[in-house]
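A.B. asks: sequence? don't have it. structure:
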């Protein structure tokens with residue numbers, strides 16, 4: 001028996017006009033950037049946390065994707081339409097229970113996960129490194145593995161995005177998320193990393209198969225999962241091109257971003273294209289033109305967001321080191337800069353034999369003292 005998955009998202013295009021003030025600012029920002037004490041939103045709070053949000057405080061404009069999930073986990077888009085919805089509750093990942101969710105929710109997620117395994121997807125979910133304040137207001141760093149509820153929700157989003165991608169590709173339009181598989185030399189380095197961590201990676205097992213055995217609660221496995229993510233060539237966006245099949249190696253599928261239009265600029269245009277195709281209309285010229293511009297804009301926005309995230313982690317590490325540094329009368333640690341290798345733009349700041357930080361620009365102040 002097939003399941004019908006109705007996935008509702010904010011109808012951002014209902015509120016944001018092409019080349020209006022909100023649109024121009026969104027093109028400048030590209031994505032929502034998250035910080036320990038707040039966020040720099042893609043759209044203003046009155047929209048992202050109010051009129052356009054799907055919070056359970058009144059009727060909201062939405063776009064509903066209806067996806068048919070087969071017993072083997074295959075996902076086919078059955079419809080896309082604008083709607084007015086009313087959310088019943090705001091649930092938290094940490095506290096949600098199966099009884100809070102619609103019947104079949106867990107089964108749909110299970111089918112989608114099984115389909116991933118069948119395709120040989122190599123998607124990994126390493127623990128998230130988070131900066132938090134403790135009871136005394138001091139910064140703390142922690143690694144947080146994804147909760148089962150987060151993985152289930154991500155599965156539903158993934159299936160919807162894949163179904164949207166297939167629809168757009170079949171109709172000669174779209175913006176797709178692509179990523180190449182790790183190069184053989186990168187996988188060889190990963191095998192050395194696994195050996196250094198004392199992990200048993202059978203010689204005959206491909207990376208995708210070995211990843212399925214990893215436990216993010218194990219610190220060694222979590223560190224290896226981060227190494228896998230960094231070994232890849234990075235994901236990016238490409239517009240539709242006739243005769244080419246956009247491919248996301250980690251998903252082992254054609255893939256698009258459509259389900260987060262309040263925090264990613266690209267999603268708003270993918271949603272508009274899906275609405276047009278599903279209703280038998282031409283994709284608006286403004287959307288097609290945006291698909292050509294968006295890859296560079298999104299790459300820049302994601303790079304900036306990544307730089308900010310790394311800077312936040314650096315600052316938190318500095319604060320923690322300053323708090324835990326030896327007393328004045330004991331041995332003092334000082335940052336020691338190593339000359340960058342020939343052809344490299346990286347310099348190394350070494351605190352001790354057990355701690356090493358890499359800063360991308362040798363001209364950047366250490367910030368460790």
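C.D. replies: Structure received. Keep in mind that this is a model prediction, so the values were computed, not measured.
A.B. asks: low-confidence ranges in the stretch 101-250 of the chain?
C.D. replies: Under the criterion pLDDT under 70, no range of the stretch 101-250 of the chain is flagged.
A.B. asks: can you pull out the helices in it?
C.D. replies: Per DSSP state H, counting those that start in this stretch, the stretch 101-250 of the chain has helices spanning 105-119, 148-170, 184-196, 207-211, 219-231. These are given in chain order.
A.B. asks: list the buried residues for the third one?
C.D. replies: Using 16 or more other Cβ atoms under 10 Å as the test for burial, helix 184-196 gives 186, 190, 193, 194. Where C-beta positions appear, they are placed from N, C-alpha and C, glycine not excepted.
A.B. asks: dump those into TSV; add distance to residue 218 as well.
C.D. replies: Rendered in TSV, the data for the buried residues of helix 184-196 read as follows (distance: Cβ to Cβ, whole Å):
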residue	distance to residue 218
186	22
190	16
193	14
194	12
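A.B. asks: quick one: the helices in the stretch 251-369 of the chain, in order.
C.D. replies: Counting by DSSP H, counting those that start in this stretch, the stretch 251-369 of the chain forms helices over residues 265-278, 285-324, given from the N-terminal end onward.
A.B. asks: to residue 83, which of the ones you listed lies closest?
C.D. replies: Of all these, helix 265-278 sits nearest to residue 83, with 11.3 Å by Cβ to Cβ.
A.B. asks: what's the farthest-apart pair in the buried residues of helix 184-196?
C.D. replies: 186 and 194 (12.8 Å).
A.B. asks: tell me the contacts of residue 126?
C.D. replies: The neighbourhood of residue 126, defined by Cβ atoms under 8 Å, 6 or more residues apart in numbering, consists of 216, 222, 225, 226, 228, 229.
A.B. asks: grab the nearest non-local neighbour of residue 44.
C.D. replies: Closest residue to residue 44 apart from its sequence neighbours, by Cβ to Cβ, 6 or more residues apart in numbering: residue 22 at 7.5 Å.
A.B. asks: I should have written residue 294 there, sorry.
C.D. replies: Leaving aside its chain neighbours, residue 294 sits nearest to residue 266 (5.1 Å; criterion: Cβ to Cβ, 6+ apart).
A.B. asks: ok, the one you found touching residue 257?
C.D. replies: Yes - under the criterion of Cβ atoms under 8 Å, residue 266 is in contact with residue 257, at a separation of 5.6 Å.
A.B. asks: mutual contacts of these two, please.
C.D. replies: In contact with both residue 266 and residue 257: 175, 237, using Cβ under 8 Å, 6+ apart.
A.B. asks: so how far is stretch 74-84 off the chain centroid?
C.D. replies: Using Cα atoms, centre = their mean, to the nearest Å, the distance from the centre of stretch 74-84 to the centre of the chain it belongs to is 22 Å.
A.B. asks: for the helix or strand that contains residue 27, which residues meet the burial criterion?
C.D. replies: Here residue 27 sits within helix 21-29, counting by DSSP states H and E. Of the residues in helix 21-29, those with enough neighbours to count as buried (16+ other Cβ under 10 Å) are 23, 26, 27, 29.
A.B. asks: contact partners of that helix?
C.D. replies: Under the criterion Cβ under 8 Å, 6+ apart, residues 15-17, 40-44, 47, 265, 268, 297, 301 lie in contact with helix 21-29.
A.B. asks: got the contact list for residue 269?
C.D. replies: Here residue 269 is in contact with 175, 287, 290, 291, 294 (criterion: Cβ under 8 Å, 6+ apart).
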